[in-house]
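Q: Fold the following and give me the result.
(one chain, ligands or ions: 2)
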Amino acid sequence: MSNLKILRSDELTRQICVVVGTRPSLVKQSAVMRELTRQEIPFFLLHAGQHYSYELDGVFFRDLQIPEPRYRIETTPNYKYHGAQTAEMLRGIEEIMLEEKPKGVLVGGDANCNLAGALAARKLQVSLCHEEAGMRGYDWLVPEEHNRVMIDHISDYLFAPNEEARSNLEGEKVRGRIFVTGTPIVDSVEENLAIAREKSDILQRLRIQPDGYILLTMHREETVDYKEVLAELIEGVRRVAVGSGLPIVFPAHPRTVLRLGEFGLTETVDRIPGLTRIPPAGYFDFLTLLGNARLVMTESGGTIQESSILRVPCVTLSGYTEWHETERAGANLVSGQKAEQILAAAEEMLSRDRNWPNPFGKSGRAKAIADILGEKVLGG
Ligand code: UD1
Ligand code: UDP
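A: Ligands and ions are numbered 1, 2, ... in the order given. I've put the predicted structure just below:
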């Protein structure tokens, strides 16, 4: 009997394990899963349980018509430390992999659930496939940057969104095979925009007009977990509200709501003239809010991409974005986190023409990824 703690290639089953766990992973992987289903490529869905509240999870299963996952890991809510959160998911995912023995594992992005899925696959010697490979922000203090680098260096198949990402991966001499596939968020937007227009009545409910408001989101640890940074950002938002005279809609992530409370900043936000704070929006409501906004201010990677695709000017409320093509296209300006920088960037973006070409190209990205999963990872 073997003492090896890996899965042997002859015991692997011809199926892909798609790992999700957070809101953005549901948005992106829904398009890939639709394509896997269309091509009859065997897969199963594993929810690592990082997000669990209905507004960050259940509503996306509803809007994007994602079938119930075969497995859902029950995680402990409100983790304080990345290690413990990642470890809990890793342990759960490993158990499921030992049960299912999939030939390939697909993770997408840079959240802790993806790192957990990646580590489980690597340790068991199952082919690991990473979407959004090669993206770099070059800020080593950011948890997502560690995750990206770690996942890329242990992946077998790297799905790079663009040539710059490919060149980053080549420069870092990763071991796996690199494919430039683009990002499936293009497909998610395209597949859902028309449905969102038909189904969402969020503009009426909030009594706002198309092109007559600013959309705001913020949730990154490096932004909202530091009182001084968060207070300065809020001051920047206040100046934009006063300067532009436009209403601001703010679907607030639970992490942000918590921190606002802890730092005594809730009232400061809620007193900004014209600002309406709402719970996190479902995908149809959010696409509608984003697509009709005059401007979006955010540090969400997914929202930065979607705003470029929908031709809505974006101010990135941090010191960097890894989505450089949005800046090059003229769709996005990285403001920094000082109030005067945020105001200046918002004024600049409010005055820009919105005629940039979509920097993420056409849909069909999910198909490119599914093709490789079917042909190369599962082998025909
Ligand atoms: C995570 C990802 C981030 C991604 C974001 C998408 C990491 C390191 N971060 O950040 O890259 O952009 O997801 O939204 O993986 N909470 C709830 N309900 C939930 C989930 C979280 O109330 O369903 C609250 C809890 O208090 C939790 C806090 O939000 O402690 C933070 O959640 P967590 O999953 O740790 O990180 P996110 O900020 O969501
Ligand atoms: N999103 C949403 N409702 C919201 C905020 C965001 O549906 O209230 C969607 C958004 O359209 C995008 C994704 O969630 O597709 C982005 O997720 P998030 O900002 O949580 O994470 P990030 O992209 O920064 O990792």
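Q: Now the helix or strand harbouring residue 232 - C-alpha only, CSV.
A: Using DSSP states H and E, residue 232 sits in helix 227-244. Provided in CSV are the C-alpha atoms of helix 227-244 (Å, rounded to 0.1, in the frame of the first residue of the first chain):
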residue,chain,number,x,y,z
LYS,A,227,-9.6,54.7,10.4
GLU,A,228,-7.5,57.5,9.0
VAL,A,229,-7.7,56.2,5.4
LEU,A,230,-11.4,55.6,5.6
ALA,A,231,-12.1,59.0,7.2
GLU,A,232,-10.1,60.7,4.4
LEU,A,233,-11.9,58.8,1.7
ILE,A,234,-15.2,59.8,3.2
GLU,A,235,-14.1,63.4,3.2
GLY,A,236,-13.2,63.0,-0.5
VAL,A,237,-16.6,61.6,-1.2
ARG,A,238,-18.2,64.5,0.7
ARG,A,239,-16.3,67.1,-1.4
VAL,A,240,-17.4,65.3,-4.6
ALA,A,241,-21.0,65.3,-3.5
VAL,A,242,-20.9,69.0,-2.7
GLY,A,243,-18.8,70.0,-5.7
SER,A,244,-20.8,68.1,-8.3
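Q: Contacts made by it with the rest, please.
A: Residues lying outside helix 227-244 but in contact with it, judged by CB atoms under 8 Å, 6 or more residues apart in numbering, are 214, 216, 218, 222-224, 248, 259-260, 263, 265, 268-269, 272-275, 295, 297, 317, 335, 337-343, 346-347, 350. Using the backbone N, CA and C atoms, a C-beta is placed for each residue, glycine as well.
Q: what's the spacing between the helix or strand following that helix and its chain's center?
A: Later in the chain than helix 227-244, the nearest helix or strand by DSSP H and E is strand 248-251. Here the centre of strand 248-251 is set off from its chain's centre by 19 Å, with CA atoms, centre = their mean, to the nearest Å.
Q: List the pairing partners of strand 248-251 within its sheet, with orientation.
A: Looking at strand 248-251 with DSSP bridges, its partner strands are strand 214-216 (parallel), strand 275-278 (parallel).
Q: what does it rub up against?
A: By CB under 8 Å, 6+ apart, the residues outside strand 248-251 that reach it are 206, 208, 213-217, 237, 240-241, 269, 272, 274-281, 286, 289, 293.
Q: Show the buried residues in those residues.
A: Buried residues within the contacts of strand 248-251, counting neighbours by 16 or more other CB atoms under 10 Å: 208, 213-217, 237, 240-241, 269, 272, 275-277, 280-281, 286, 289, 293.
Q: which of those come close to ligand 2?
A: 217, 280-281, 286 (CB under 6 Å from any ligand atom).
Q: Can you flag which of these belong to helices?
A: The members of these that map onto helices under DSSP state H are residue 286.
Q: between the ones next to ligand 2 among the buried ones among the contacts of strand 248-251, which is nearest ligand 1?
A: Within these, the smallest distance to ligand 1 is 8.5 Å, found for residue 280 (CB to the nearest ligand atom).
Q: Quick one: neighbours of the nearest residue to residue 359 once chain neighbours are set aside, just the number.
A: Leaving aside its sequence neighbours, residue 359 sits nearest to residue 325 (CB to CB, 6 or more residues apart in numbering; 3.8 Å). Counted with other CB atoms under 10 Å, the neighbours of residue 325 add up to 19.
Q: Doesn't residue 139 lie inside a helix?
A: No - looking at residue 139 with DSSP: H, G, I helix; E, B strand; the rest coil, it is coil, so not inside a helix.
Q: Who are the contact partners of it?
A: By CB under 8 Å, 6+ apart, the residues touching residue 139 are 145, 222, 319-320.
Q: Next one: residue 374 from residue 97, what distance?
A: According to CB to CB, to the nearest Å, residue 374 and residue 97 sit 20 Å apart.
Q: what do you get for residue 156?
A: Taking CB to CB, one finds residue 156 at 15 Å from residue 97.
Q: With residue 355 instead?
A: 48 Å.
Q: Any stretches of the stretch 1-150 of the chain with poor pLDDT?
A: 1-3 (pLDDT under 70).
Q: Which parts of the stretch 251-380 of the chain are strands?
A: Taking DSSP state E, counting those that start in this stretch as the test, the strands found in the stretch 251-380 of the chain are 275-278, 295-298, 314-316, 332-334.
Q: most packed of those?
A: Ranked by mean neighbour count under mean count of other CB atoms under 10 Å, these are led by strand 314-316, which reaches a mean of 28.
Q: Quick check: neighbours of it in the sheet, parallel or antiparallel?
A: In the sheet, strand 314-316 lines up against strand 295-298 (parallel), strand 332-334 (parallel) (DSSP bridges).
Q: Cheers, nothing more for now.
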